[in-house]
Structures are given as structure tokens and as C-alpha cells.
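1. Okay, predicted coordinates and the sequence, questions at the end:
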Amino acid sequence: MLIGLPIATLVMVNTALSRHERAAELLNHLVPEAMFDTAFGTLYLRARGHHHLAVDRALAALSDFQACGQKVRAWEADVPTLMPWRSDLAEAYLRLARPEVARELVARQMERPGAQGAFIRGISIRVQEGASEISQRPKLLKKAVDLLQGSGNRLELVRALADLSRAHHTLGDFGQARTAGRRAVQEAKLCHTDAVSTQLLRGLSGDAFVSAKEESEVKRDDASTALSDAERRVATLAAVGHTNREIARKLYITVSTVEQHLTRIYRKLQVSSRDELLEGLSLRREPGRAPVE
């Protein structure tokens, strides 16, 4: 019976790493039929369902997630923190173009006892986004990102950031799409694998994020990405709304020098406009320096 736990864990890990053939091999191991009447069996079904979703077998995933729900309800153990089967099932329905069913499932999950924790609310809102109007998606996904960041689940945070990048890109907000996409890549690297970012960020436009190769080339070009004192003074003034000419007057430098500083600042902070500078300066704040007010 216990075999369900290690297999389920390994299948989830390999699915997250896009090692779908390895996940399929693990699922080919014979397991006792009685295992499915235990908690380990539900973990196995959930892992298999996620593998099915990852390889575009939505109907098979639907069946596994429904089986999870039936079992935990029969055991009177329908607690989302233990088994968030409704948001799993909602993802399967979204793949089958049934957003109305997905919305209902997510709403029910969030009404369950114990569903108010950051992780469950975060994944529920992320799935809810997929069933919402495109104009509402960035707001929902930003909320999901905030919740998932607090939950400590980096993989789900990467998923939410990748979805946020796609939503911004669809709405034509390319600067915000790049910001969210780059942050997703950074968080994915902290999962210690490039496969996570490759899988979750597939489908984004080429300029939505910086690839690992491009990033390493930038690092080779710049001995350091830290802002110099002169660059920081220019960046701070630009971030609070001063024009290039005003900055030049205040710092007793030429407009051309301001423009050169800004080019380097944008590259180092990985931003593309003045509107993103304030956030970029806050994220890149160096030890010993005060935050930008």
C-alpha cells in the first residue's frame, strides 16, 4: 500500500521537470488494487492526473481528479489543504473548454473549511483566472502571485507569474509581460532547474523574458550589474518623473550623458521604461542603500 506515496511523489516531480517519459515509466509499475482505497491511492491518482494534463490527455486527467474527489468525500475527508482536487479538476475542465464548470469548482473549493490559507487561495485564484474574462486576469493573477509568494510554494508561484505574463501580453501590455516573465524565470531558477521555466513559460513571445543563455551573455558583457553612484542618481530622478533635460540640469551633465546612463540602467535593472524604474530600483536595492522614496 505504501508504494503509492513514493511513486506519486516521483511522478509529480518528473512531471514538473518535463520528464514525461520517466513519469510514464513510473506509472507503468504494477500497484495493488487495494492501494486505491487508501490515502496513498488518492495521492497516486492526483499525480497521474497531473501527468495526464501535462501530456494533453485532459479526459484521462478528468477521470483521475474526479476519482480523488469521490474518495475523499466518501471518507468525509474533503479538506482542500489535504487534497485540492477541485482546482485540479477545474484545470482539466478548462482544457476541455468548459470554463463555467471550472468557475463553479473553484468557488466551491474556496468555500470549504480550511481553504483560507495562502496556498489554497493562491492556486484557486490562479485557476479561476483561466475561467475569467481576459481584462480581469491580471488583477486576479497579481493576487494569486502575492498569496503564493507567502505560501512558500515556488513552483505554483512560477505558474502564476507565467500566466500573468501571458495575460499582460494578450492585452498588449508588453512591458508588464516582460517584467512578470523575467521574474518567473528568476523564481524557476531557484527551483534548480531550467526545465521548469522552459515548460511553464512556453508560448510566451520571444521578448517576454530573458533566457538563461542570453542572461549569461549579458553577465559576460557587464562585469557587474550593480548601478554606479552616477547611474543611481540618474535612475532615482527618472523614476520620480524628471525629464532627461531636467536631470541634466540638476546633475550638471549633458542630456546625452543622461541618455547613456539610462541605457545602461535599463539593461542592468531589466526594465524597458521609466514606469518600471521605481519597481526595478526597489528590487535591485543594494546593501547599505536607502530605498527610493
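-> Now that the structure is in, tell me what you want to look at.

2. gap between the residue of the chain positioned farthest from its centre and R46?
-> Distance from the centre of the chain peaks at Y252, with 43.4 Å (C-alpha atoms, centre = their mean). Computed with C-beta to C-beta, to the nearest Å, the distance linking Y252 and R46 is 64 Å. The way it works is simple: take the backbone N, C-alpha and C, and place the C-beta from them, glycine included.

3. same thing with A235?
-> 47 Å.

4. For these two, indicate the residue with more neighbours.
-> More crowded of A235 and R46, by other C-beta atoms under 10 Å: A235, with 27 against 22.

5. helix or strand for R166, which one?
-> Element membership for R166 (DSSP states H and E) is helix 154-170.

6. could you point out which element follows that helix?
-> helix 174-189.

7. Now do that following helix: which elements does it pack against?
-> helix 154-170, helix 194-200 (3 or more C-beta pairs under 8 Å, 6 or more residues apart in numbering; DSSP states H and E).

8. what's the least confident stretch among those?
-> When those are ranked by mean pLDDT, helix 194-200 comes last with a mean of 53.

9. Quick check: which ranges of the protein have low pLDDT?
-> Applying pLDDT under 70 to the chain flags residues 1, 191-225, 282-293.

10. again, only using 50
-> Residue ranges of the chain with pLDDT under 50: 197, 205-224, 284, 286-293.

11. Next one: the residue minimising distance to the centre of it from V271, what distance?
-> By C-alpha atoms, centre = their mean, the mean C-alpha position of the chain lies nearest to V158, the distance being 2.3 Å. Per C-beta to C-beta, V158 is found 20 Å from V271.

12. again with N28
-> The value you get for N28 to V271, if C-beta to C-beta is used, is 48 Å.

13. Neighbour count for those two, which is higher?
-> For N28 versus V271, neighbours defined as other C-beta under 10 Å are more numerous around V271 (24 against 7).

14. just checking, H51 touches A16?
-> No: counting by C-beta atoms under 8 Å, H51 sits too far from A16 to count as a contact (10.2 Å).

15. Excluding chain neighbours, give the residue nearest to L43 in space.
-> A8 (4.0 Å; C-beta to C-beta, 6 or more residues apart in numbering).

16. Give the helix, strand or coil label for that neighbour.
-> Of the three states, A8 takes helix under DSSP: H, G, I helix; E, B strand; the rest coil.

17. Could I get the contacting residues of it?
-> F40, L43, Y44, R46, A47 (C-beta atoms under 8 Å, 6 or more residues apart in numbering).

18. Is it possible to get TSV of those residues that adds secondary structure?
-> As requested, the contacts of A8 are arranged in TSV below (three-state DSSP):
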residue	secondary structure
F40	helix
L43	helix
Y44	helix
R46	helix
A47	helix
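
19. which SSE is G114 in?
-> Applying DSSP H and E, one finds G114 in no helix or strand.

20. Surely the residue nearest to the centre of the chain and A188 touch.
-> Yes: applying C-beta under 8 Å as the test, V158 and A188 come out as touching, 4.8 Å apart.

21. quick one on the thing from earlier: quick one, which of the helices and strands packed on helix 174-189 is packed in tightest?
-> Each of those was scored by mean neighbour count; the highest is helix 154-170, a mean of 24, by mean count of other C-beta atoms under 10 Å.

22. helices or strands up against it?
-> helix 118-130, helix 137-151, helix 174-189, helix 194-200.

23. For L277, what are phi and psi?
-> Backbone torsions for L277, taken as degrees, to the nearest 10, come to phi -60, psi -40.

24. show me the contacts for it.
-> A235, A238, A239, I265, L269, V271.

25. Go again with 10 Å.
-> 234-241, 262, 265-266, 269, 271, 292 (C-beta atoms under 10 Å, 6 or more residues apart in numbering).

26. Among these, name the ones in helices.
-> V234, A235, T236, L237, A238, A239, L262, I265, Y266, L269 (DSSP state H).

27. Give me the number of neighbouring residues for the last one.
-> Under the neighbour criterion other C-beta under 10 Å, L269 is assigned a count of 20.

28. Just confirm it contacts A235, I think it does.
-> Yes: at 7.5 Å, L269 counts as touching A235 under the criterion of C-beta atoms under 10 Å.

29. Find residues that contact each of these two.
-> Common neighbours of L269 and A235 (C-beta under 10 Å, 6+ apart) are L227, L277, G280, L281, R284.
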